[in-house]
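Colleague: Any chance you could fold what I've pasted below:
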Amino acid sequence: MLVNAGDLYVLKVLTSQIAPEAIRMGLYTNDQVWVEGTVLADLTEVAVSGYARQTTAAWVNPVTLGNGRGSTIANQVVFANTSGAAVVAKGFFYVSATTGAFLGGDNFAAPLTIPATIGTLSIYPELQNNYL
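Modeller: Presented below is the predicted three-dimensional model:
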């Protein structure tokens, strides 16, 4: 879901008020009901050794899905966990890489686990519009 702050960011980019930035993907562990007013402080970001937000890259040309929404997917990103305990991520979020503008996110269909010690979790980031 693109949140209010994400809408403003996109409008500023489209009207050349700010330069576009790379997008970073992060993971969170709390239960979250997404609304347009959701802010980054509503999320509990994964906090284990080895974890870092991942920069997305090589987004494919958007396509129109059967439900009429636009969708695009980026190259796979990999989240690491070098701590001694597994961590369960309930969803993901996006921020701009330079200014940290919060763009939005969503819950995973089911929680995903990053295993302990040298565990990794690989995800293909996806963006969909939600203006229907």
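
Colleague: Which of the three states applies to Leu8?
Modeller: Following DSSP: H, G, I helix; E, B strand; the rest coil, we place Leu8 in the helix state.

Colleague: Measure how buried it is and give me the count.
Modeller: Leu8 has 14 neighbours, counted by other C-beta atoms under 10 Å. Quick note: C-beta positions are derived from backbone N, CA and C, even for glycine.

Colleague: Roughly how far does it sit from Leu2?
Modeller: Distance of Leu8 to Leu2, given as C-beta to C-beta, to the nearest Å: 10 Å.

Colleague: shared neighbours, these two?
Modeller: Applying C-beta atoms under 8 Å, 6 or more residues apart in numbering, one finds that no residue jointly contacts Leu8 and Leu2.

Colleague: in the chain, what secondary structure element scores lowest on mean pLDDT?
Modeller: strand 126-128 (a mean of 86; mean pLDDT, DSSP states H and E).

Colleague: Could you list the buried residues of that one?
Modeller: For strand 126-128, the neighbour count (16 or more other C-beta atoms under 10 Å) marks Leu127, Gln128 as buried.

Colleague: Does Ile18 touch Lys12 like I think?
Modeller: Yes: the criterion here is C-beta atoms under 8 Å, and Ile18 meets it with Lys12 at 4.5 Å.

Colleague: For Phe102, which non-adjacent residue is closest in space?
Modeller: In space, Phe102 comes closest to Leu40 once its chain neighbours are excluded; the distance is 4.3 Å by C-beta to C-beta, 6 or more residues apart in numbering.

Colleague: Tell me how many other residues crowd that neighbour.
Modeller: For Leu40, the neighbour count with other C-beta under 10 Å is 18.
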